[in-house]
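Engineer: everything below, folded, please.
(2 chains)
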Amino acid sequence: NAGVTQTPKFQVLKTGQSMTLQCAQDMNHNSMYWYRQDPGMGLRLIYYSASEGTTDKGEVPNGYNVSRLNKREFSLRLESAAPSQTSVYFCASSVPGLRGGTQYFGPGTRLTVL
Amino acid sequence: AQSVTQLDSHVSVSEGTPVLLRCNYSSSYSPSLFWYVQHPNKGLQLLLKYTSAATLVKGINGFEAEFKKSETSFHLTKPSAHMSDAAEYFCVVTETSSNDYKLSFGAGTTVTVRA
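Structural biologist: Down below sits the predicted model:
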């Protein structure tokens, strides 16, 4: 099993450009998540998908859109990138358990917006 | 609402000495608590989790944490630090009575290990 995979690993954009970050998991998990990590702030939830066909906003959704393409794939789109979106982006997946499902993380995408 | 406070932003220890990373949480319901580790330029790896079973939780690589409800704490310890323990550590809480499974992360503690 590859676990959670993310593409690309690195990306540099100019302000106003758009791009899509891809995430896939092969663990048959129902739930998937997108986070951003900024220095000194831990990880903050952007969007999540509790199950195929559903998506919900997290803590910092502005400037992003998501698509749960199927059970395996969950993409994050930046329509018009801004320097404030320079960050490391992590995708995660989980099987919700009775007492809080463990989340498994991908390796991350380092995005720089100039 | 749930939140986590990691009391130390940076901890420096000598190799072979104990490590203590402190975490306090707040939660409206019975929490699940996790510790994750992130090595430089890597993703996050689960060290251990508490989900209302035993209050002393053992994880990978010799780490353990104790859930103390009266103190709302979930501190992470290791008896003897190794150079490979140099990394960033995150304490995480989720509320188990909710239907979604959103995690709340602490700001992280960076551990350096001196030879």
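Engineer: tell me what the helix or strand of chain B with the lowest mean pLDDT is packed against?
Structural biologist: One helix or strand of chain B scores below all others by mean pLDDT, DSSP states H and E: strand B:104-105, with a mean of 88. Contacts defined by 3 or more C-beta pairs under 8 Å, 6 or more residues apart in numbering or on different chains; DSSP states H and E place strand B:104-105 against strand B:3-6, strand B:87-95. Quick note: C-beta positions are derived from backbone N, CA and C, even for glycine.
Engineer: the ones you listed: which one's closest to chain A?
Structural biologist: With C-beta to the nearest C-beta, the closest approach to chain A among the helices and strands packed on strand B:104-105 belongs to strand B:87-95: 4.3 Å.
Engineer: which residues touch stretch B:10-27?
Structural biologist: B:1-8, B:31, B:33, B:35, B:71-83, B:85, B:89, B:91, B:93, B:95, B:106, B:109-115 (C-beta atoms under 8 Å, 6 or more residues apart in numbering or on different chains).
Engineer: what about it, average pLDDT?
Structural biologist: Averaging pLDDT along stretch B:10-27 gives 96.
Engineer: now the end-to-end length of that stretch.
Structural biologist: One end of stretch B:10-27 sits 25 Å from the other (C-alpha to C-alpha, to the nearest Å).
Engineer: pull out the buried positions in it.
Structural biologist: B:Val11, B:Val13, B:Val19, B:Leu21, B:Arg22, B:Cys23, B:Asn24, B:Tyr25, B:Ser27 (16 or more other C-beta atoms under 10 Å in any protein chain shown).
Engineer: mind checking how far it is from the chain centre?
Structural biologist: In terms of C-alpha atoms, centre = their mean, to the nearest Å, the centre of stretch B:10-27 is set 8 Å apart from its chain centre.
Engineer: for stretch A:17-35, same thing?
Structural biologist: The answer for stretch A:17-35 is 5 Å, by C-alpha atoms, centre = their mean.
Engineer: how much space separates A:Ser67 from A:Thr54?
Structural biologist: Here A:Ser67 is placed at a distance of 12 Å from A:Thr54 (C-beta to C-beta, to the nearest Å).
Engineer: neighbour count: those two, which is higher?
Structural biologist: With neighbours defined as other C-beta atoms under 10 Å in any protein chain shown, A:Ser67 and A:Thr54 compare such that A:Ser67 has more, 14 against 11.
Engineer: ramachandran angles for that one?
Structural biologist: With angles defined as degrees, to the nearest 10, A:Ser67 sits at phi -140, psi 130.
Engineer: quick check: bridge partners of it?
Structural biologist: Note on A:Ser67: beta-bridge partners A:Ser75, judged by DSSP bridges.
Engineer: might one say that it is in contact with A:Gly53?
Structural biologist: No. If you go by C-beta atoms under 8 Å, A:Ser67 and A:Gly53 don't touch, sitting 10.8 Å apart.
Engineer: now the buried residues of stretch B:10-27 in JSON lines, with distance to A:Ser94 and secondary structure?
Structural biologist: JSON lines is the format used below for the buried residues of stretch B:10-27 (distance: C-beta to C-beta, whole Å; DSSP: H, G, I helix; E, B strand; the rest coil):
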{"residue": "B:Val11", "distance to A:Ser94": "28", "secondary structure": "strand"}
{"residue": "B:Val13", "distance to A:Ser94": "32", "secondary structure": "strand"}
{"residue": "B:Val19", "distance to A:Ser94": "27", "secondary structure": "strand"}
{"residue": "B:Leu21", "distance to A:Ser94": "23", "secondary structure": "strand"}
{"residue": "B:Arg22", "distance to A:Ser94": "26", "secondary structure": "coil"}
{"residue": "B:Cys23", "distance to A:Ser94": "21", "secondary structure": "strand"}
{"residue": "B:Asn24", "distance to A:Ser94": "24", "secondary structure": "strand"}
{"residue": "B:Tyr25", "distance to A:Ser94": "19", "secondary structure": "strand"}
{"residue": "B:Ser27", "distance to A:Ser94": "18", "secondary structure": "coil"}
